[in-house]
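K.L.:
can't give you the sequence, but here's the structure:
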């Protein structure tokens, strides 16, 4: 049962991204004081989308998805500062849920079966319901769409291990109002060259998948050239 729960959690940590789309991980001081950016695998993809794996040990850190390249912000997109503030209070109960599912319940199952296990399981379900309510209330207060939480919340309650990722899945239910090149500007200076190189690698893959006669091919090639120049000159 523990292996199944861990496997479900790992599968739930997989995220599909469009070429050039990025995962933006919010800071979590003092342990993770800086924003981080990831673009997923360069070569592994499912249905033409890059595969990214969320850190299975940090479900309490909010994660968001940037806009696809060359797409303007829409009404359903949110500013990163507003989105991060909205979901940040759920970090503590998510950490508690992680400990309940993968530490307390396995211990009770093998060392203290009976009432300790039942109480721990009930606490995990109550915490899942509380997290769902808290996230819904915070997103609604921030003016961010809460409709995706209907399906997500149902999955969290039916399959309890999925509730561990509720904070990150809620953040991934909408795009933030910036694309990957704009998100790179938020990174510390020392991390920008690596991020530009990762984005350029994703763009190279996208160029191979795009007809040379397409307008998108031209725009991708121009963006890759710009990224190369900025990296070569140490631009910020």
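P.N.:
Yes, it's here. Quick caveat: nothing in here was measured; it's all calculated off a predicted structure.
K.L.:
counting by contacts, list what the helix or strand hosting residue 66 packs against.
P.N.:
For residue 66, the element it lies in under DSSP states H and E is strand 63-67. In terms of contacts (3 or more Cβ pairs under 8 Å, 6 or more residues apart in numbering; DSSP states H and E), strand 63-67 is packed against strand 23-25, helix 80-87, helix 166-171, strand 175-179, helix 180-184. For the C-beta atoms, the positions are set from N, CA and C on the backbone; glycine is no exception.
K.L.:
what comes into contact with the shortest one?
P.N.:
In other words, strand 23-25. 15, 17, 32, 35-40, 52, 54, 61-66, 80, 176, 183, 186 (Cβ atoms under 8 Å, 6 or more residues apart in numbering).
K.L.:
look at residue 196 and say how many residues are nearby.
P.N.:
Residue 196: 23 surrounding residues under other Cβ atoms under 10 Å.
K.L.:
do I have it right that it meets residue 184?
P.N.:
Yes: using Cβ atoms under 8 Å, residue 196 is in contact with residue 184, at 6.3 Å.
K.L.:
residue 103: which of the helices and strands packed on strand 63-67 is closest?
P.N.:
With distances scored as Cβ to Cβ, the stretch of the helices and strands packed on strand 63-67 nearest to residue 103 is helix 166-171 (17.7 Å).
K.L.:
mind giving me the packing neighbours of the closest one?
P.N.:
If you count contacts as 3+ Cβ pairs under 8 Å, 6+ apart, helix 166-171 packs onto strand 63-67, helix 80-87, helix 91-99, helix 115-141, helix 149-158.
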